[in-house]
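Engineer: Dropping a prediction and its sequence here:
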Amino acid sequence: MTQTTSLSDKLLLAATRLTSKTWPIARYIFPEKLEIDDNRALWVSQTPDYRPGTPLRANISADLAIIGGGFTGVSTAYHFSRRYPEKRVVLLEAKSLANGASGRNGGMLLNWLPSMYGYDLEMTRRIYQMTHAGIQMIADIIQRHQLPVSYRMDGTLAVYTDSRRAEAAQQETELHRQLGIPTCFLDVGALKQKLDLQGVYGAVFDPNSGQINGAQLVRSLRPVLQEQGVEIYEQTPVLAIQEGAALTLKTPDAEVKTKAVVLATNGYTGKLGYFQDAVFPLHAHIFATAPLNPAQLERLGWRETAGYSDDLDRIAYSSLTREGHIVFGGGSNQAYTYLFRNRTSCPNTLYSTKTTFDRLARTMQGYLPDSVNLPIAHRWTGTLGLTLDRKPLIGVRGERRNIYYAVGYSGHGITLANVAGQILTDLYSGDDERWRGFPFYQAAPIPIPPEPFRWLGYHLFVRLTGRSPRL
Ligand SMILES: Cc1cc2nc3c(=O)[nH]c(=O)nc-3n(C[C@H](O)[C@H](O)[C@H](O)COP(=O)(O)OP(=O)(O)OC[C@H]3O[C@@H](n4cnc5c(N)ncnc54)[C@H](O)[C@@H]3O)c2cc1C
C-alpha cells in the first residue's frame, strides 16, 4: 500500500485516526483516500505503450465537443465523425482515454440493460436485439480497423443463488425463446460442464455475450479517430460549461467555443453541475488473478464460459480473459462504496481497503472454493454512475437543446455505452426513430435526495437489505 502524501491528506488522516477513537461516525466523514498498490486495472496494464496525448493549450472552436474519453465519448466521436466528416469534432479527456470505468470494469460484454424489470415482451425483445446488434457492432469495428483488442464471445451466465428464483428464471427463459431470444436455462448438472460454482441452483446462459478488454478497445481507436479528423486532447479536464447558443468550455489553459456538447462523463457528471440529482458515483472494487494455466482453471472448475454474474443486489461478477486472468468484483456492501466526500475507503472500519479486498476474496471463494490460493496480480477501483432505478439516461437537454448526454449505466454499460455513439449521432441528425420508446431514451430521471440524506439513505438501505435479491 502506498501512503497519502500531501499535507492536507496527512492532516485528514491524522484527524480521522484521532476522531475515530472517540466518535466512530467521524470515520465516515474523514475517510482515507484509496491507495491500492498503484490502483491500475488489468486492462490498462495490457496497453503498456499507451501515452496520453497533449493537452489543449490554445482557444479553439468546434461543431461538437465531447467531454470524456471512455466508451461513450469515443463511440460518439467515432460515429459522429463518420456521419459528419466536414464538422470539427474535439474530444476532451481529463486524464487519458479509458481512465474511467471503461478501463476499469469487469470486462463482461453483456446483452440487456442494468435493470430488466417491468418491461412487456415486445420491449424485452427490442432490448435484447438492440444490445445484441451493439455487441456485433463492437466486433465489426475491431475487425474493420484490425484493432489489437483481446475479447471472446463464448457466452456468459446469470447464476441463481435461490431455488425459487432459479425456477422463475427457467420459466422466463422459455418465454424469451418464444420471442427468438437464444438464451437457455442450465440446471446444476449442465452448469458444471461450463463452470462449477458452489451455492447456485442453475443459470441462464447467453451465447451472444462475452468478455472484452475495454482499455484496449478505447485506446486503440485513438489513431482511427484522428484519421477521421477528430481532435483529441488528453490531460484536459473541463472545469466549467457556460451555456448559450454557443457553449464555452473552460479548461485549465484554454477555452473551447462549441455549437454542441456531449456529456460522456458517466459517474463524474455531477462535478460539471449536471445530473447531480439523478446520477451518483459509486466506487466499485475489483481484482484480477495472474494468468492461470488450463490445469489451474480445470482445478478451479472454470471450463467453458467467458464469465458469470449472480442474482443479488450487491451483484458479484467474474470474467475470464483469453490470457487466463480471472477478474472478480462485487458481492458485498464493501465492494460498492459510497463514502462521505466521495472517498473510496475508510481506515479501521468495514470499508478499509484491506477489509474490502479480503471480503471480495471471500465472496469469490464462496463460489469457487479452490480460488483460495490464487495469485492476485491487480486490484483497483472504478467509478460507476448509478441512477435510482438503474436506468441509463441518454438524450439532449438545455434551453437550446445543444447538451447531449449518455450517463447512468449503473454498472452494466460496456455494450450500451458503445451504442451511445450511434444513438447520439442519430439524435443530433433528427434520425432517431429506432431509439424512441427505449427506457433510457429521453427518460425523465428519478430525483435522488441531496446530501447528506443521500448518503444516509444509501447506508441505511445497504445495511438493511444485505444479500437481498436483485430487483
Ligand atoms: C468496477 C466496474 C466494473 C464494471 N463491470 C462491468 C461489466 O462487467 N460489464 C458491463 O457491461 N459494465 C461494467 N461496468 C460499467 C461500464 O464499465 C460503464 O458503464 C462504462 O464504462 C461507462 O463508460 P463511459 O464512457 O460512459 O464512462 P467512463 O468510462 O467512466 O468515462 C468517463 C470519462 O470522462 C472523463 N472525465 C470525467 N470528468 C471529466 C471532465 N470534467 N473533463 C474531461 N474529462 C472528464 C473521465 O476521466 C473518464 O475517462 C463496470 C464499471 C466498473 C467501475
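Structural biologist: Here it is on my side, so go on. Numbers count the residues shown, from 1 in each chain.
Engineer: Where does the stretch 251-400 of the chain get nearest to the ligand, residue-wise?
Structural biologist: Residue of the stretch 251-400 of the chain nearest the ligand, by C-beta to the nearest ligand atom: residue 382 (2.7 Å). Backbone N, C-alpha and C define where each C-beta goes, glycine included.
Engineer: which ones are touching that residue?
Structural biologist: 41, 100, 101, 103, 104, 105, 283, 284, 286 (C-beta atoms under 8 Å, 6 or more residues apart in numbering).
Engineer: repeat that with 10 Å
Structural biologist: 39, 41, 99-106, 267, 282-286, 329, 344, 411 (C-beta atoms under 10 Å, 6 or more residues apart in numbering).
Engineer: What residues sit buried inside stretch 75-89?
Structural biologist: Buried residues in stretch 75-89, defined by neighbour count with 16 or more other C-beta atoms under 10 Å: 75, 76, 77, 78, 79, 80, 81, 84, 88, 89.
Engineer: Actually, stretch 265-279.
Structural biologist: Neighbour-count burial for stretch 265-279 [16+ other C-beta under 10 Å]: 265, 266, 267, 268, 269, 270, 272, 274, 275, 276, 278, 279.
Engineer: so the second one sits right up against residue 70, yeah?
Structural biologist: Same thing as residue 266. Yes. Applying C-beta atoms under 10 Å, one finds residue 266 in contact with residue 70, separated by 6.7 Å.
Engineer: circling back to that earlier point, near the ligand too, which of the buried residues of stretch 265-279?
Structural biologist: Applying C-beta under 6 Å from any ligand atom to the buried residues of stretch 265-279, one finds that 265, 266, 267, 268, 272 fall near the ligand.
Engineer: so of the residues you listed, which ones are in strands?
Structural biologist: Under the assignment DSSP state E, those contribute nothing to strands.
Engineer: Among the buried residues of stretch 75-89, which pair sits farthest apart?
Structural biologist: Across the buried residues of stretch 75-89, no pair lies farther apart than 75 and 88, at 18.6 Å, counting by C-beta to C-beta.
Engineer: quick one: contacts for residue 350?
Structural biologist: 27, 332, 333, 334, 337, 356, 359, 463.
Engineer: Then the second one would be within a strand, right?
Structural biologist: Which is residue 332. No. According to DSSP: H, G, I helix; E, B strand; the rest coil, residue 332 belongs to no strand; its state is coil.
Engineer: For burial, what's the neighbour tally of it?
Structural biologist: Look at residue 332: counted by other C-beta atoms under 10 Å, it has 20 neighbours.
Engineer: wait, isn't it in contact with residue 467?
Structural biologist: Yes. Using C-beta under 10 Å, residue 332 makes contact with residue 467 at a distance of 8.4 Å.
Engineer: about what we covered before: and which of the ones next to the ligand among the buried residues of stretch 265-279 is nearest residue 139?
Structural biologist: residue 266 (23.0 Å).
Engineer: List the contacts of the nearest residue to the closest one once chain neighbours are set aside.
Structural biologist: Spatially, and ignoring its direct neighbours in sequence, residue 266 is nearest to residue 385 (4.0 Å; C-beta to C-beta, 6 or more residues apart in numbering). For residue 385, the contact set (C-beta under 10 Å, 6+ apart) comprises 100-101, 265-270, 275, 278-282, 392-393, 407-411, 413.
Engineer: Quick one: mark the members of those that sit in helices.
Structural biologist: Assignment to helices by DSSP state H places none of the contacts of residue 385 there.
Engineer: So which of those residues belong to strands?
Structural biologist: 280, 281, 282, 393, 407.
Engineer: Spell out the secondary structure type for the closest residue to residue 232 other than its chain neighbours.
Structural biologist: The shortest distance from residue 232 to any non-neighbouring residue, by C-beta to C-beta, 6+ apart, is to residue 91 (4.8 Å). Put simply, residue 91 is strand when judged by three-state DSSP.
Engineer: Then residue 384?
Structural biologist: Going by three-state DSSP: residue 384 is strand.
Engineer: Could you do residue 200 as well?
Structural biologist: Secondary structure, three-state DSSP: residue 200 is coil.
Engineer: tally of neighbours for the closest residue to it other than its chain neighbours?
Structural biologist: Counting by C-beta to C-beta, 6+ apart, residue 159 is the residue found nearest to residue 200 once chain neighbours are left out, at 4.5 Å. Close neighbours of residue 159, defined as other C-beta under 10 Å, add up to 25.
Engineer: who's in contact with residue 159?
Structural biologist: Listed by C-beta under 10 Å, 6+ apart, the contact partners of residue 159 are 166, 169, 186, 191, 195, 197, 199-205, 308-312, 316, 367.
Engineer: can you pull out the helices in this structure?
Structural biologist: In the chain, the helices defined using DSSP H lie at 7-22, 26-29, 42-45, 71-83, 121-144, 163-178, 188-194, 214-220, 222-227, 294-300, 353-367, 414-429, 453-465.
Engineer: which bits of the stretch 151-300 of the chain sit near the ligand?
Structural biologist: 237, 238, 264, 265, 266, 267, 268, 272, 284, 286.
Engineer: Let me see the backbone angles for the fourth one.
Structural biologist: This means residue 265. phi -110, psi 10 (degrees, to the nearest 10).
Engineer: On the pLDDT front, check it for me.
Structural biologist: On pLDDT, residue 265 comes in at 98.
Engineer: Was I right to think it contacts residue 68?
Structural biologist: Yes. Contact criterion C-beta under 10 Å: residue 265 and residue 68 qualify, at 4.3 Å.
Engineer: anything in contact with each of residue 266 and residue 70?
Structural biologist: With C-beta under 10 Å, 6+ apart, residue 266 and residue 70 have common neighbours 100, 101, 102, 409, 413, 417.
Engineer: Tally up the residues packed near the residue lying closest to residue 96 once chain neighbours are set aside, please.
Structural biologist: The spatially closest residue to residue 96, leaving aside those adjacent along the chain, is residue 52, at 3.6 Å (C-beta to C-beta, 6+ apart). Neighbour count for residue 52, taken as other C-beta under 10 Å: 18.
Engineer: contacting residues around residue 52?
Structural biologist: By C-beta under 10 Å, 6+ apart, the neighbours of residue 52 are 69, 93, 95-97, 99, 219, 222, 232-236.
Engineer: again with residue 357
Structural biologist: Contacts of residue 357 by C-beta under 10 Å, 6+ apart are 36, 285, 286, 287, 334, 335, 345, 376, 379.
Engineer: Just the pLDDT at it, thanks.
Structural biologist: 93.
Engineer: What separation do you get for the residue nearest to residue 462 when sequence neighbours are not counted and residue 346?
Structural biologist: Excluding the flanking residues, the one nearest residue 462 by C-beta to C-beta, 6+ apart is residue 333, at 4.6 Å. Here the criterion is C-beta to C-beta, to the nearest Å. By it, residue 333 lies 12 Å from residue 346.
Engineer: Common neighbours of those two, please.
Structural biologist: Shared contacts of residue 333 and residue 346, counting by C-beta under 10 Å, 6+ apart, come down to residue 356.
Engineer: That's all I had, so thanks and see you.
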